[in-house]
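>>> Quick check, what structure comes out for this input:
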Amino acid sequence: MVSTDCIRCAQAPPGVSGWNWGAFLLTPAWSIGNGIPLRILAPYLLSLCIPYVNVLGGVLGALFFAVRGSSLAWRYRDWKSPTDFRRAQLRWMWAGICIVALGAAALWLASDNGLLVIQ
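As a prediction, the model looks like this:
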(Lines give C-alpha, C1' and ligand atoms only; values in the text may rest on other atoms or scores of the structure.)
Protein backbone atom coordinates (compact mmCIF):
# COMPACT_ATOMS: atom_id res chain seq x y z
CA MET A 1 0.00 0.00 0.00
CA VAL A 2 1.27 3.48 -0.87
CA SER A 3 1.26 6.10 1.87
CA THR A 4 -0.67 9.34 1.49
CA ASP A 5 2.55 11.37 1.33
CA CYS A 6 3.76 9.35 -1.65
CA ILE A 7 0.43 9.73 -3.43
CA ARG A 8 0.62 13.52 -3.16
CA CYS A 9 4.12 13.53 -4.68
CA ALA A 10 3.40 10.94 -7.36
CA GLN A 11 1.94 11.43 -10.77
CA ALA A 12 -1.80 11.08 -11.04
CA PRO A 13 -2.85 7.47 -11.56
CA PRO A 14 -4.24 6.36 -14.93
CA GLY A 15 -7.77 7.57 -15.52
CA VAL A 16 -7.36 10.64 -13.31
CA SER A 17 -5.59 13.05 -15.63
CA GLY A 18 -7.11 14.55 -18.75
CA TRP A 19 -9.59 17.27 -19.69
CA ASN A 20 -11.61 18.55 -16.74
CA TRP A 21 -14.91 20.25 -17.60
CA GLY A 22 -15.53 21.36 -14.02
CA ALA A 23 -12.20 23.18 -13.97
CA PHE A 24 -12.93 24.77 -17.35
CA LEU A 25 -16.45 25.97 -16.54
CA LEU A 26 -16.03 26.94 -12.87
CA THR A 27 -12.33 27.76 -12.62
CA PRO A 28 -12.22 29.91 -9.44
CA ALA A 29 -14.76 27.89 -7.44
CA TRP A 30 -13.37 24.57 -8.69
CA SER A 31 -9.81 25.60 -7.76
CA ILE A 32 -10.75 26.58 -4.22
CA GLY A 33 -12.93 23.49 -3.78
CA ASN A 34 -10.13 21.20 -4.90
CA GLY A 35 -7.44 22.76 -2.72
CA ILE A 36 -5.42 24.43 -5.47
CA PRO A 37 -2.96 26.84 -3.79
CA LEU A 38 -3.47 30.56 -4.27
CA ARG A 39 -0.01 30.87 -5.84
CA ILE A 40 -1.27 28.82 -8.78
CA LEU A 41 -4.69 30.52 -8.96
CA ALA A 42 -3.49 34.12 -8.43
CA PRO A 43 -2.19 34.82 -11.98
CA TYR A 44 -5.55 33.73 -13.40
CA LEU A 45 -7.49 35.93 -10.98
CA LEU A 46 -5.20 38.92 -11.56
CA SER A 47 -5.55 38.61 -15.33
CA LEU A 48 -9.31 38.99 -14.92
CA CYS A 49 -8.77 42.43 -13.36
CA ILE A 50 -6.78 43.93 -16.25
CA PRO A 51 -8.89 45.61 -18.94
CA TYR A 52 -8.57 44.13 -22.44
CA VAL A 53 -6.44 41.31 -21.05
CA ASN A 54 -9.23 39.80 -18.97
CA VAL A 55 -10.92 37.98 -21.85
CA LEU A 56 -7.71 36.41 -23.14
CA GLY A 57 -6.47 35.74 -19.60
CA GLY A 58 -9.79 34.19 -18.64
CA VAL A 59 -9.86 31.88 -21.64
CA LEU A 60 -6.19 30.88 -21.34
CA GLY A 61 -6.53 30.34 -17.58
CA ALA A 62 -9.64 28.23 -18.01
CA LEU A 63 -7.87 26.18 -20.69
CA PHE A 64 -4.84 25.71 -18.42
CA PHE A 65 -7.00 24.43 -15.56
CA ALA A 66 -9.04 22.25 -17.93
CA VAL A 67 -5.88 20.54 -19.19
CA ARG A 68 -3.80 20.45 -15.97
CA GLY A 69 -6.55 20.71 -13.37
CA SER A 70 -7.09 17.03 -12.72
CA SER A 71 -3.43 16.39 -11.94
CA LEU A 72 -3.31 19.52 -9.75
CA ALA A 73 -6.44 18.50 -7.85
CA TRP A 74 -5.06 15.00 -7.33
CA ARG A 75 -1.81 16.45 -6.00
CA TYR A 76 -3.18 19.14 -3.67
CA ARG A 77 -6.13 17.38 -2.09
CA ASP A 78 -6.35 14.04 -0.30
CA TRP A 79 -8.55 11.58 -2.16
CA LYS A 80 -9.69 8.18 -0.93
CA SER A 81 -9.33 6.59 -4.35
CA PRO A 82 -9.29 7.41 -8.05
CA THR A 83 -12.97 6.44 -8.15
CA ASP A 84 -13.76 8.98 -5.43
CA PHE A 85 -11.78 11.59 -7.36
CA ARG A 86 -13.63 10.90 -10.63
CA ARG A 87 -16.99 11.02 -8.84
CA ALA A 88 -16.18 14.44 -7.35
CA GLN A 89 -14.99 15.79 -10.70
CA LEU A 90 -18.16 14.51 -12.37
CA ARG A 91 -20.22 16.51 -9.84
CA TRP A 92 -18.15 19.62 -10.64
CA MET A 93 -18.76 19.05 -14.35
CA TRP A 94 -22.54 18.83 -13.93
CA ALA A 95 -22.57 21.87 -11.64
CA GLY A 96 -20.67 23.83 -14.29
CA ILE A 97 -23.02 22.72 -17.05
CA CYS A 98 -26.08 23.69 -14.98
CA ILE A 99 -24.67 27.11 -14.07
CA VAL A 100 -23.66 27.89 -17.66
CA ALA A 101 -27.05 26.73 -18.96
CA LEU A 102 -28.91 28.83 -16.38
CA GLY A 103 -26.77 31.85 -17.20
CA ALA A 104 -27.35 31.41 -20.94
CA ALA A 105 -31.09 31.05 -20.36
CA ALA A 106 -31.15 34.20 -18.20
CA LEU A 107 -29.26 36.16 -20.86
CA TRP A 108 -31.60 34.91 -23.58
CA LEU A 109 -34.67 35.82 -21.53
CA ALA A 110 -33.28 39.29 -20.87
CA SER A 111 -32.44 39.91 -24.52
CA ASP A 112 -34.67 41.41 -27.20
CA ASN A 113 -35.11 38.00 -28.81
CA GLY A 114 -36.14 36.32 -25.58
CA LEU A 115 -39.48 36.00 -23.91
CA LEU A 116 -39.07 39.07 -21.74
CA VAL A 117 -39.17 42.13 -23.94
CA ILE A 118 -39.06 45.33 -21.95
CA GLN A 119 -40.21 48.38 -23.91
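>>> Okay, helices next: where are they in the chain?
Applying DSSP state H to the chain gives helices spanning 4-9, 21-25, 27-33, 38-47, 54-76, 82-110.
>>> Can you tell me which of the ones you listed is most buried?
helix 21-25 (a mean of 23; mean count of other C-beta atoms under 10 Å). Bear in mind the C-beta positions are built from the backbone N, C-alpha and C, glycine included.
>>> picking that back up, which one, of the helices of the chain, ends up nearest to residue 15?
helix 82-110 (5.8 Å; C-beta to C-beta).
>>> by how many degrees do the closest one and helix 54-76 diverge?
160 degrees (axes from the mean of the first three to the mean of the last three C-alpha atoms, to 10 degrees).
>>> So which elements touch helix 82-110?
helix 21-25, helix 27-33, helix 54-76 (3 or more C-beta pairs under 8 Å, 6 or more residues apart in numbering; DSSP states H and E).
>>> From the contact counts, what lies against the longest one?
This means helix 54-76. So helix 54-76, by 3+ C-beta pairs under 8 Å, 6+ apart, packs with helix 4-9, helix 21-25, helix 27-33, helix 38-47, helix 82-110.
>>> Quick one: residues contacting residue 47.
53, 54, 56, 57, 58, 60, 61 (C-beta atoms under 8 Å, 6 or more residues apart in numbering).
>>> Nearest to residue 20, out of those residues: which one, please.
residue 61 (13.2 Å).
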